[in-house]
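# need a structure here:
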Amino acid sequence: FEGAISKEKKTRFKANLANQPCLTDINEQFSLPIVYQWLDTVIASLDCYTWVFSQGFLNPLLFQDNNQQSRLITSLSYFISKISMNTLHDIVSYFPVSNQSYIFTPNDVRQFDTAKCTVIVRLLNFITAIWTKYPLDTRRAIDNSFYSNDLTKLILTCVFNPTQIGFDINNEEINKKLPERILILLKSMTTHLSEQLLQSFYSNALQMTKSDGLYNLTNELNMNPVRWTLIFTITRGLRLLHDVRLLAKPTQPEQYAKELWTTMLTKMITHEEDCDKANIVLTIDNQRGLQALFDYIIYLGIKPNEVLPYFFQSNRIHTDSGMATVGTYLLALFKHQITSWLGTTPHFIINNIGEIKTIEQCRLIVSFLIIVLDLCSREKDLRQQCGRQFVDGIYTCWSLFILLYRSINIDDKLLIVTLLTKTFIIDSRLLITHEEFDHISQMYLSLLIDKQLNLTFKTRLLDLLPFFASLDNDEDLLEDKRKKWSDDLCRTLHIFTADCFPLKSTEFHKGTQEYHDYQGAIRKILSALELSSSFILFELLIWMLCCEQNHIFEDEILSSINHFIIKLNDYNKQINLLDYIYSILFGHNSLFRIEHRLNALEKFILKILTSVKKQTLIEFYKKYITLFIIEQLDIKIDLTSSLITSILINKISTYRFIDYMYTILNKDDVFGLNSLIAKIFYETVKKQEEARKILNIEMPITTIKLNPTMDGKELTKYV
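Model (predicted):
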């Protein structure tokens with residue numbers, strides 16, 4: 001691992017730690033290739049040792065074995081003290097003075113920094129591996145002098161200002177992984193190192209962050225201009241050291257957080273007479289610094305009521321991207337931080353919004369919540385971690401928004417509808433069991449029949465219809481509550497269509513706004529039918545088709561009804577659907593008059609019968625075969641009867657049903673020896689045979705032959 005092979009072959013490696021533990025051992029003359037060669041050798045050794053120690057193949061006690069003569073620790077100590085924190089110009093000074101002068105290009109500096117930082121990362125991994133796998137043996141194997149002040153300063157500089165060492169924090173991988181590696185290292189060291197060895201970390205961290213220290217946050221924030229890149233790494237480093245308890249939080253963290261918040265706002269915004277002005281151009285570095293600082297302010301425990309009012313401010317501000325309000329400017333910048341804060345803090349919204357006294361207040365708060373919900377819906381991790389709790393908080397304080405949906409301003413009502421829509425995107429099931437269900441659902445129904453709102457607005461409401469329509473068969477609702485909801489929704493939808501839809505579907509001309517809104521509303525109802533499988537919507541659409549002989553959107557509606565029926569896998573639901581059509585055609589539904597039944601006769605029988613499953617169809621005919629054949633076909637027609645039209649519709653419907661029975665089902669299903677339909681029919685006939693003495697002997701039913709073996713052909717002959 002260190003290039004220490006037999007003497008005969010030792011010249012095979014030009015550089016090795018066994019013979020050249022220090023950079024200056026390779027050559028008396030400085031050159032860049034020599035520097036890279038030595039650094040590569042250190043990297044190779046570190047990689048090998050880290051792997052074998054982490055896998056448990058070797059024990060670090062080998063570093064104490066005089067026969068092994070390991071020079072790794074010597075090389076690492078040299079690297080830490082002489083190279084890690086220094087530049088190429090410093091390294092030149094380690095070699096004997098020569099007449100040659102050295103000028104390094106930016107590319108030379110970048111390459112050196114990359115190689116040096118690679119060694120640092122491998123060094124961090126190496127220390128982590130040995131302390132994690134062999135905490136007891138490592139204490140004996142490596143002398144305490146290795147954990148020098150230089151190592152402590154190197155690690156803390158990586159924490160507070162990795163750019164100074166040479167790390168490129170604009171590289172996303174470095175920016176993300178370096179703090180993770182350091183956190184793992186420090187957790188391991190604080191767990192296993194003695195208090196005596198950790199003392200260097202405590203004292204150096206305190207020295208670096210005290211009032212006159214290199215990385216004092218307040219001093220950096222008061223500089224002009226502020227170095228936001230350094231603010232980013234300092235605040236991140238402070239949180240890291242607080243978490244591993246190498247640096248205590250400020251004595252009054254909440255008060256300190258308020259001071260930081262006030263100072264940050266002062267740096268960000270200048271208040272002028274006409275409008276406020278943003279002082280900072282939001283480059284990536286500046287944004288990152290501001291966001292990290294706000295994260296730290298939240299981390300220190302600032303009270304939400306110290307911060308939230310600024311996010312609701314409506315005064316105008318001139319920014320580098322144009323005019324905005326202070327609230328939207330702050331939220332656009334801190335949206336990730338504020339959303340995480342809201343989502344992870346119990347009862348955040350209800351505890352911090354307080355009383356809403358004016359509609360303007362309400363608008364600002366709801367607009368703020370909509371933006372945060374919008375962000376939450378787009379960020380998967382945020383949605384999974386915080387979404388449900390965030391939505392629950394919004395529902396809990398829904399009564400505070402009553403000013404909006406009682407407003408005469410359509411934009412206010414649109415705002416509250418948008419908020420509800422966004423909550424459904426996050427979690428559409430939470431409302432069902434929420435204590436505010438009645439309040440919110442009744443608001444939805446009242447908006448649907450609000451006469452101040454036009455169809456353009458109500459089409460937006462129909463986006464939520466799939467959810468509300470699905471509640472009529474949702475088992476999470478108690479039966480009484482579900483029944484009441486179904487009745488309310490059914491009644492509301494009929495009022496809605498009566499108020500907003502034309503008496504004749506052809507009333508609106510194509511190309512007009514009215515036609516566009518009408519078509520959009522119909523299509524959203526159809527979409528809701530297929531998504532929710534709601535019988536209420538099915539009934540509504542059947543009613544709409546029955547009201548006209550030729551509905552302008554008839555083909556679309558029938559196509560959706562077909563999809564709806566096919567999607568109904570439940571046998572009972574399909575039977576209920578056929579029963580409903582039967583009740584319309586045979587006059588058992590008082591809502592449908594004669595003209596409605598005539599329209600239903602032409603539109604639905606074949607369409608419905610061919611959409612249900614075969615088993616459902618057989619069960620339907622088992623249920624109604626005797627009514628069709630014995631009752632309806634044998635009714636005498638009296639031309640003077642006031643019910644003549646109804647009787648004729650019944651007879652035509654009967655013949656249609658019988659005709660389609662033979663058309664759709666195969667012969668075995670109808671008159672085969674095992675036909676369930678024929679068996680039901682024959683059982684009825686047998687009962688009538690037993691009662692023949694009290695029946696009219698001339699009834700056609702007596703012409704059916706009752707043989708010991710049932711033959712379904714007799715059914716067909718009779719028909």
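
# residue ranges with poor pLDDT in the stretch 201-350 of the chain?
346 (pLDDT under 70).

# same thing but at 90, please
211-212, 223-225, 268-283, 303-333, 335-350 (pLDDT under 90).

# what's the answer for the stretch 51-200 of the chain, then?
For the stretch 51-200 of the chain, the stretches flagged by pLDDT under 90 are 52-75, 89-104, 131-132, 134-147, 169-176, 189, 191-197.

# in it, which spans are strands?
For the stretch 51-200 of the chain, applying DSSP state E, counting those that start in this stretch gives no strands.

# Just the terminal-to-terminal distance for stretch 545-565.
For stretch 545-565, the first-to-last residue distance is 16 Å (Cα to Cα, to the nearest Å).

# tell me what the longest helix along the chain is packed against?
Across the chain, the longest stretch assigned as helix under DSSP state H is helix 106-133. Secondary-structure packing of helix 106-133 (3 or more Cβ pairs under 8 Å, 6 or more residues apart in numbering; DSSP states H and E): helix 32-55, helix 88-92, helix 135-141, helix 149-160, helix 162-165, helix 172-192. Just so you know, the C-beta spots here come from the backbone N, C-alpha and C atoms, and that holds for glycine as well.

# make it 10 Å
Here helix 106-133 touches helix 32-55, helix 72-78, helix 88-92, helix 135-141, helix 149-160, helix 162-165, helix 172-192, going by 3 or more Cβ pairs under 10 Å, 6 or more residues apart in numbering; DSSP states H and E.

# for that helix, which positions count as buried?
For helix 106-133, a neighbour-count test (16 or more other Cβ atoms under 10 Å) marks 111-113, 115-117, 119-133 as buried.

# now stretch 158-173
158, 159, 160, 161, 162, 163, 165, 166, 167, 169.

# May I have the residues that are in contact with the fifth one?
Applying Cβ atoms under 10 Å, 6 or more residues apart in numbering, we find residue 162 in contact with 117, 120, 168, 169, 174, 175, 178, 179, 182, 233, 236, 237.

# my guess is residue 274 contacts residue 323, does it?
No - proximity of residue 274 to residue 323 does not meet the contact threshold set by Cβ atoms under 10 Å, at 11.1 Å.

# hmm, back to that, so which of the buried residues of stretch 158-173 would you say is closest to residue 306?
Comparing those against residue 306 with Cβ to Cβ places residue 160 closest, at 26.9 Å.

# In JSON lines, list the contacts of residue 162 along with distance to residue 104.
Formatted as JSON lines, the contacts of residue 162 follow (distance: Cβ to Cβ, whole Å):
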{"residue": "117", "distance to residue 104": "17"}
{"residue": "120", "distance to residue 104": "20"}
{"residue": "168", "distance to residue 104": "17"}
{"residue": "169", "distance to residue 104": "22"}
{"residue": "174", "distance to residue 104": "22"}
{"residue": "175", "distance to residue 104": "25"}
{"residue": "178", "distance to residue 104": "25"}
{"residue": "179", "distance to residue 104": "29"}
{"residue": "182", "distance to residue 104": "28"}
{"residue": "233", "distance to residue 104": "25"}
{"residue": "236", "distance to residue 104": "30"}
{"residue": "237", "distance to residue 104": "29"}
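
# hmm, back to that, now list whatever residues contact both of residue 274 and residue 323.
Contact with both residue 274 and residue 323 is made by residues residue 316, according to Cβ under 10 Å, 6+ apart.

# what's the distance between the residue nearest to residue 64 when sequence neighbours are not counted and residue 195?
The shortest distance from residue 64 to any non-neighbouring residue, by Cβ to Cβ, 6 or more residues apart in numbering, is to residue 141 (5.6 Å). Per Cβ to Cβ, to the nearest Å, residue 141 is found 20 Å from residue 195.

# These two: which has the busier surroundings?
A count of neighbours by other Cβ atoms under 10 Å puts residue 141 above the other of residue 141 and residue 195, at 19 against 8.

# For residue 274 and residue 323, indicate the residue with more neighbours.
Comparing residue 274 with residue 323 by other Cβ under 10 Å, the one with more neighbours is residue 323, at 10 against 7.

# Could you pull out the helices in the stretch 151-300 of the chain for me?
162-165, 172-192, 195-209, 217-222, 228-243, 253-268, 284-300 (DSSP state H, counting those that start in this stretch).

# out of those helices, deepest packed?
Highest mean neighbour count among those (mean count of other Cβ atoms under 10 Å): helix 228-243, with a mean of 22.

# where does residue 319 fall, phi/psi-wise?
With angles defined as degrees, to the nearest 10, residue 319 sits at phi -110, psi 170.

# That one is in contact with residue 277, isn't it?
Yes - look at residue 319 against residue 277 with Cβ under 10 Å: they come within range, at 8.3 Å.

# Now do the shared contacts for these two.
When contacts are counted by Cβ under 10 Å, 6+ apart, residue 319 and residue 277 have 268, 269 as shared neighbours.

# Which one's more surrounded, the two?
More crowded of residue 319 and residue 277, by other Cβ under 10 Å: residue 319, with 21 against 13.

# for the residue nearest to the more buried one when sequence neighbours are not counted, what are its contacts?
When the adjacent residues along the chain are set aside, residue 319 lies closest to residue 278, with 4.2 Å between them (Cβ to Cβ, 6+ apart). Neighbour list for residue 278: 268, 269, 270, 317, 318, 319, 320, 321, 324, 326, 329, 333 [criterion: Cβ under 10 Å, 6+ apart].

# who does residue 278 bridge with?
residue 269 (DSSP bridges).

# what about burial for the contacts of residue 278, which qualify?
Neighbour-count burial (16+ other Cβ under 10 Å) is assigned, among the contacts of residue 278, to 268, 269, 317, 318, 319, 324, 326, 329, 333.

# can you list the residues you listed in JSON lines and add distance to residue 41?
Shown next, in JSON lines, are those (distance: Cβ to Cβ, whole Å):
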{"residue": "268", "distance to residue 41": "49"}
{"residue": "269", "distance to residue 41": "54"}
{"residue": "317", "distance to residue 41": "57"}
{"residue": "318", "distance to residue 41": "57"}
{"residue": "319", "distance to residue 41": "52"}
{"residue": "324", "distance to residue 41": "56"}
{"residue": "326", "distance to residue 41": "57"}
{"residue": "329", "distance to residue 41": "53"}
{"residue": "333", "distance to residue 41": "47"}
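
# Tell me the one among these nearest to residue 465.
Nearest to residue 465 among the buried ones among the contacts of residue 278 is residue 324, at 34.5 Å by Cβ to Cβ.

# How is the closest one assigned, secondary-structure-wise?
State at residue 324, reduced to three classes by DSSP: H, G, I helix; E, B strand; the rest coil: strand.

# Now it: closest residue in space that isn't a chain neighbour?
With sequence-adjacent residues excluded and distances taken as Cβ to Cβ, 6+ apart, residue 324 is closest to residue 317, at 5.8 Å.

# Please export the C-alpha coordinates of the helix or strand hosting that neighbour as CSV.
Element membership for residue 317 (DSSP states H and E) is strand 316-319. Coordinates of each C-alpha in strand 316-319 appear next as CSV, following Å, rounded to 0.1, in the frame of the first residue of the first chain:
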residue,chain,number,x,y,z
ARG,A,316,-44.7,47.3,-3.7
ILE,A,317,-41.0,46.7,-4.1
HIS,A,318,-38.7,47.2,-7.2
THR,A,319,-36.6,44.1,-7.7
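
# who does it pair up with?
Paired neighbours of strand 316-319 in the sheet (DSSP bridges): strand 276-278 (parallel), strand 322-325 (antiparallel).
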